[in-house]
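K.L.:
model this:
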Amino acid sequence: MNRKLWPNLLSATRIALMPAVLASALAGSRPWFTVLIAISLTTDALDGFLARRFNAYTDLGRKLDSAADYLTMIAGSAGIALLWPEIMRRELPWVVTGLVAFFAVIVYGFVRLGHAPCYHTWASKTGAVLCTLSIVPLLNEWTALPFHAAIVLLVATGVEEIVIALLIPTHVGEMPTVWHARRRRRERNASQS
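P.N.:
Purely as a prediction, here's the structure:
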């Protein structure tokens, strides 16, 4: 199999896992939910690594990865709500804030650009890792502080991605930071002068 297809295969696998993730939550199985969501999150880390390693960047891959991210966020949140309802009730304002920040970028993208931005910024990648890691102390009832910090970063990431869309509304693809977007806008303006 062509190695350039591996990242897309991993993103598709993550999408295909979501019914099993939800089924395990509906069945009340914390162990299966945890294993399946961990596999899903591992494929999220690997698809980007492989895309960079094999220079396998494609528009389809970016869209598959983003779709898998959205579905994982929804299925993971739903599973936590079903399996840890007391934690979900207590953390609901934080969860809602995080979900609004996450999906506001998508809604803004469709309204303003006609598609989800899918910038895969450095902050969004960092936020994905921190959100994942923050779930461990949260669900084990150790502390909610890492989760709260991850949500604050998720909000900042959403703001950054909307600013990127404002700076360069025609851009499609990866954009590491708002600084890179500003530089690209200046370069484009200079070449048009």
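
K.L.:
from L83, how far out is the residue nearest the centre of the chain?
P.N.:
Note on the chain: the residue nearest the mean C-alpha position is D69, at 4.5 Å, using CA atoms, centre = their mean. Separation of D69 from L83 (CB to CB, to the nearest Å) stands at 21 Å. All C-beta atoms are positioned from the backbone trio N, CA, C, and that covers glycine.

K.L.:
before we move on, what about N55?
P.N.:
Distance, N55 to L83, by CB to CB: 40 Å.

K.L.:
quick one: which of the two has more around it?
P.N.:
Applying other CB atoms under 10 Å to N55 and L83 shows that L83 carries more neighbours, namely 19 against 8.

K.L.:
thought F33 was touching that one, still the case?
P.N.:
Yes: here L83 reaches F33: they are 5.9 Å apart, a contact under CB atoms under 8 Å.

K.L.:
please identify which helix or strand holds the nearest residue to the residue nearest to the centre of the chain once chain neighbours are set aside.
P.N.:
Distance criterion CB to CB, 6 or more residues apart in numbering; nearest residue to D69, sequence neighbours excluded, is D44 at 6.9 Å. Here D44 sits within helix 30-53, counting by DSSP states H and E.
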